[in-house]
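Participant: Quick one, what's the 3D model for this:
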Amino acid sequence: MYTPDEEKIAVPVGTTLDRFIKQHQQAFPHASGELSQLLRDIALAAKVVNREINRAGLVDIIGGFGSANVQGENQQKLDVIADIRFIRALKNGGEVAAIVSEEKENIIFTGNDHGKYVVAIDPLDGSSNIDVNVSIGTIFSIYRRITPVGSQPTIEDFLQGGRKQAAAGYILYGSSTILVFATGHGVNAFTYEHSLGEFFLSHKNMQIPLTGNIYSCNEGNYYEFPEYVQKYITNCKSKRYAARYIGSLVGDFHRNLLKGGVYLYPPTKKTPVGKLRLLYECYPLAYLIEQAGGQAFSDIDRDILDIKPTDVHQRSPLYIGSTEMLDDLHHEMRNE
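Facilitator: Below you'll find the predicted structure:
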C-alpha cells in the first residue's frame, strides 16, 4: 500500500490502551464490557492526576492539607486531589458499586448498586515525596462483587482475599507516566503520550528476571528488623548488591520488576504486624508479580495472596520480587 520511504515518514504510533482492551476483552474474566470500561475510567483519572502533579509547583497544591487520614498519616494536598479524582471517575463510570480508599475510613458507596465490581485503591502512594519531585504512584485492586447485583455492597465484597482479584495494577508518575495492569493473563504496561493524550503499549507480557542485584528497604530501620532480615541484608552487602530505596512503593516495585530485585518491608518493633496495607498495596502488587514470574509473601508460611483479610485497612509485612532472591530470604527464615 505504501512504499518503504513513505512508511518511514509516518511510522505507526503503537497500540493504544483502548485498542488493547478491545482486542483482549475476550480474555478478561466474565468478559462483557464492564471491566473494560472500568479500566478506561482508571486511565482517565490517571490522566487528570498526572496533569495535577505536573502543575503542582505552579499552583498551590504542594504541601500538607492540614489533616490526617484514617491511617493517622498527614495528608498532602495531592493526596486529597487524587482521592477525589479517582472516586469521581469510578462513580461516573457506572461500573463500580463501592470503593475502599486509603484516605477514607469507611466504604464509599457510589450509588451504582447495579455495578458488578468494587475497587480498593491507594490514590497516591509515596505522597511524602511530592514536595521533592520524586516518583509517586497509584495502586488499585478490582474485585467482582459477591453480593447480589442491585443491592448495596457490603464489606464482604472487599474481604474475598487476594486470589479473587479480577484485575490489579498501578500508575507510576515519574519521568514518564506508566499504567501497568493485569487481568489474569499477563502483565502489560502503557506509557502516557502527553501530546496525543493517550496511553500506548510500551511493555508487553512483562516478566521479572529470576534474580537480580538490587535490594530495596529502609535500612534506617535495620536494628528494628527481625534477625533473619538483618542476616539477609548483610548477605546482600557481601555479594555487593546495590541498595536502591526511593521510599515510594510503586517506584521501587517498578524498578525491580524491570531489572530484577527484591523489595522488603518487614515487621518492626514499632509495627509488629507490618505497615503496608493488605488490600490496596500488598494484594495488587502480589497479583502482578506472580503473573510476571516472581513471588510475594508475608512470612515463611504464607504467600501474600493466601492471607484471609479481616479488615479493609489491614496491614501486613511484604517481601516481593525475583524468585531466586526471595528463595535466599526463605532460607534465612528457616534457619532463624
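Participant: Would you mark the buried spots in stretch 189-203?
Facilitator: Going by neighbour count (16 or more other C-beta atoms under 10 Å), the buried part of stretch 189-203 is Ala189, Phe190, Thr191, Tyr192, Glu193, Glu198, Phe199, Phe200, Ser202. Bear in mind the C-beta positions are built from the backbone N, C-alpha and C, glycine included.
Participant: so what's the last one closest to, chain neighbours aside?
Facilitator: Right, the one you point to is Ser202. Nearest residue to Ser202, sequence neighbours excluded (C-beta to C-beta, 6 or more residues apart in numbering): Thr191, at 4.0 Å.
Participant: got it, and the fourth one?
Facilitator: Beyond its immediate neighbours in the sequence, the residue positioned closest to Tyr192 (C-beta to C-beta, 6+ apart) is Thr177, lying 4.0 Å away.
Participant: is it true that that neighbour touches Arg51?
Facilitator: No. Between Thr177 and Arg51 no contact is recorded; they are 9.8 Å apart, counting by C-beta atoms under 8 Å.
Participant: Those two: which is more packed in?
Facilitator: Using other C-beta atoms under 10 Å, the more surrounded residue of Thr177 and Arg51 is Thr177, with 22 against 13.
Participant: for that one, what are its contacts?
Facilitator: By C-beta atoms under 8 Å, 6 or more residues apart in numbering, Thr177 lies in contact with Ala46, Asn50, Ile171, Thr191, Tyr192.
Participant: would JSON lines of the residues you listed with distance to Ile121 be doable?
Facilitator: JSON lines is the format used below for the contacts of Thr177 (distance: C-beta to C-beta, whole Å):
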{"residue": "Ala46", "distance to Ile121": "11"}
{"residue": "Asn50", "distance to Ile121": "16"}
{"residue": "Ile171", "distance to Ile121": "11"}
{"residue": "Thr191", "distance to Ile121": "21"}
{"residue": "Tyr192", "distance to Ile121": "19"}
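Participant: Leu38 is in what secondary structure piece?
Facilitator: Taking DSSP states H and E as the definition, Leu38 sits inside helix 34-54.
Participant: you'd agree Tyr222 is up against Thr234?
Facilitator: No. Counting by C-beta under 8 Å, Tyr222 stays clear of Thr234, with 9.5 Å between them.
Participant: what residues are up against the residue nearest to Ile246 when sequence neighbours are not counted?
Facilitator: Residue nearest to Ile246 in three dimensions, not counting chain neighbours: Asp252, with 5.2 Å by C-beta to C-beta, 6+ apart. Shown in contact with Asp252 (C-beta under 8 Å, 6+ apart): Ser216, Arg244, Tyr245, Ile246, Tyr263.
Participant: Just give me the least confident of those residues.
Facilitator: Of all these, Ile246 has the smallest pLDDT value, namely 92.
Participant: pLDDT at Phe65, what is it?
Facilitator: For Phe65, the model assigns a pLDDT of 47.
Participant: Give me the neighbour count for the residue nearest to Arg240 when sequence neighbours are not counted.
Facilitator: With C-beta to C-beta, 6+ apart as the measure, Asn213 is the residue that lies nearest to Arg240, at 7.6 Å, once sequence neighbours are left out. Asn213 sits with 16 neighbouring residues when counted by other C-beta under 10 Å.
Participant: List phi and psi for Asn213.
Facilitator: Torsion angles at Asn213 (phi, psi; degrees, to the nearest 10) stand at phi -130, psi 30.
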